[in-house]
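Chemist: below is the sequence, then the predicted model.
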Amino acid sequence: MKKYVIVGCGYRGIMSYAVPMVKEYGDCAELCGVYDVNRKRAELVSEYVGKSIPVFDSFEKMLEEVAPDTVIVTTVDAFHDEYTIKSLYAGCEVISEKPLTTTFEKALAIKKAEEETGKRVTVTFNLRFHPVFRRVKEVINTGVLGDVLSVHYQWMLDTEHGADYFRRWHRERRNSGSLLIHKSTHHFDLANWYLDDEPEAVNAFGTRRFYGPVTEKRGERCHTCPYAKECKFYFDIEKHKDIRRIYFDCEDADGYWRDRCVFSPDIDIEDSVSVSVKYKKGAVMSYSLTTHSPFEGANLVINGTLGRLELSKFWSGNVGDYSDKASRPMMKIYDRTGEEITYKLPEGSAEGHGGSDTLLRNNLFRGYTDDPLGQMADLRAGMMSIGIGAAANISMAENRQVNLNEYYK
């Protein structure tokens, strides 16, 4: 039986880790304590899991009194490094929610702590476990594409999902490192994993023209906004039971608003980005993230010496032949003669990122002896994933190509 503690008791910390650990993994994992800068939020954990979980007023005190085997870090991204490093030096293993952290400097500090303590950091890239994206890896591994030459990668967030990042703490670069770190870390990790390679150089461009101060009809937050009845981005926080409990009902403890205006002048992250990446083995990737699409999904093209793979997966909207909200994923492979093979891919379940959260947790809490696809991501994978986003941020700020070896060796 391993002892765990959680730092960061927001929605993901509670719903993706605390509740399943207590209710599904009680035979092998024990949640021995929680800490959050908002104590009221930390106290909700006991209500959600149905048993009393110790709440600590200090992270250091929790480490000292519990002496956990593993610390699960689910805080605001910019603080991942602080809690990860303290945990490692306290003799604990660390499970870090993606992204690993927000800058090259913080990633290197975590690397130094892992090397000096001999303890391990695992980064939770659940998309590696999604049935559709796992299938792409399996196909690549058969060699049917040959050596990969290029990747074309589109990720689109609709205005239900995409806008939500501009209401929350993610909208400030100092917290999230931008969506190139917080969100795209998933996508960059998939690309790195598919290519079995590390990024070498990055060029990027980004704009913010959809969200931010593009209209004078705005308030500080949706809950008190005078334009609530006419705004298509109005978010009624009181109608979302769990979000209301975890955030709205706990506002008086830390002043955090979960429903800030998406048109606020305080927003300083991009809502559209275009990134070019060169890999060490020679492959190149073009990547784009759109946060204001009328539909949500991904288009992925992988070109190899022997063939071409095309994948489309949409989660919302009416796109092409897709008519239902959870649309059918399709993958096609073309060989050099033009022969086409169409694959109907598995959908996955409706639970937790297509069922991938459950599969990831099984490996985290029950352990794994066989990982043929390399789905469990270590510190290096976490560093390379945020490496593309961090390099892209620098590229945009300094208008230049950024080589990762300027920061990583």
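Modeler: Arrived safely, thanks for sending.

Chemist: who's in contact with Asp189?
Modeler: 98, 125, 127-128, 377, 381, 384-385 (Cβ atoms under 8 Å, 6 or more residues apart in numbering). C-betas here are computed from N, CA, C, even on glycine.

Chemist: tell me the predicted confidence for the residue lying closest to Tyr407 once chain neighbours are set aside.
Modeler: Closest residue in space to Tyr407, ignoring its immediate chain neighbours: Phe104 at 3.9 Å, by Cβ to Cβ, 6 or more residues apart in numbering. On pLDDT, Phe104 comes in at 98.

Chemist: Phe104 contacts Ile388, doesn't it?
Modeler: No: Phe104 is not in contact with Ile388 according to Cβ atoms under 8 Å; the separation is 11.2 Å.

Chemist: coming back round to it: tell me who's in contact with the residue nearest to Tyr407.
Modeler: By Cβ under 8 Å, 6+ apart, the contact set of Phe104 is 387, 390, 407-408.

Chemist: among those, name the ones in helices.
Modeler: Among these, the ones falling in helices (DSSP state H) are 387, 390.

Chemist: may I ask which two of the contacts of Phe104 are separated the most?
Modeler: Ala390 and Tyr408 (9.7 Å; Cβ to Cβ).

Chemist: who's more crowded, these two?
Modeler: Each of Ala390 and Tyr408 has its neighbours counted (other Cβ atoms under 10 Å); Ala390 has more, 29 against 18.

Chemist: and Lys106, what element?
Modeler: In this structure, Lys106 is located in helix 104-117 according to DSSP states H and E.

Chemist: buried residues of that helix, list them for me.
Modeler: Within helix 104-117, the residues that qualify as buried are 104, 106-111, 113-114, 117, counting by 16 or more other Cβ atoms under 10 Å.

Chemist: just stretch 358-368 next, same as before
Modeler: With burial defined by 16+ other Cβ under 10 Å, the residues of stretch 358-368 counted as buried are 358-361, 364-365.

Chemist: for the helix or strand that contains Lys61, packing partners?
Modeler: Using DSSP H and E, Lys61 sits within helix 59-66. Judged by 3 or more Cβ pairs under 8 Å, 6 or more residues apart in numbering; DSSP states H and E, helix 59-66 is in contact with strand 2-7, strand 29-35, helix 80-89.

Chemist: could I get those as TSV with mean neighbour count and distance to Gly219?
Modeler: Listed next are the helices and strands packed on helix 59-66 as TSV, based on neighbours: other Cβ atoms under 10 Å; distance: least, Cβ to Cβ, whole Å:
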stretch	mean neighbour count	distance to Gly219
strand 2-7	23	33
strand 29-35	23	33
helix 80-89	22	31
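
Chemist: could you dump these into a markdown table and include mean pLDDT and distance to Cys225?
Modeler: As requested, the helices and strands packed on helix 59-66 are arranged in a markdown table below (pLDDT from 0 to 100; distance: least, Cβ to Cβ, whole Å):
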| stretch | mean pLDDT | distance to Cys225 |
| --- | --- | --- |
| strand 2-7 | 98 | 33 |
| strand 29-35 | 98 | 33 |
| helix 80-89 | 98 | 32 |
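
Chemist: out of those, which is closest to Ser312?
Modeler: helix 80-89 (32.5 Å).

Chemist: output that closest one as PDB - backbone C-alpha positions only.
Modeler: Output of helix 80-89 as PDB, limited to C-alpha atoms (Å, rounded to 0.1, in the frame of the first residue of the first chain):
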ATOM      1  CA  HIS A  80       4.600  22.900 -10.400                       C
ATOM      2  CA  ASP A  81       8.300  23.300 -10.100                       C
ATOM      3  CA  GLU A  82       8.100  24.600  -6.500                       C
ATOM      4  CA  TYR A  83       6.100  21.600  -5.200                       C
ATOM      5  CA  THR A  84       7.900  19.100  -7.400                       C
ATOM      6  CA  ILE A  85      11.400  20.100  -6.200                       C
ATOM      7  CA  LYS A  86      10.300  20.200  -2.500                       C
ATOM      8  CA  SER A  87       8.800  16.800  -2.900                       C
ATOM      9  CA  LEU A  88      11.900  15.300  -4.500                       C
ATOM     10  CA  TYR A  89      14.200  16.600  -1.800                       C
END
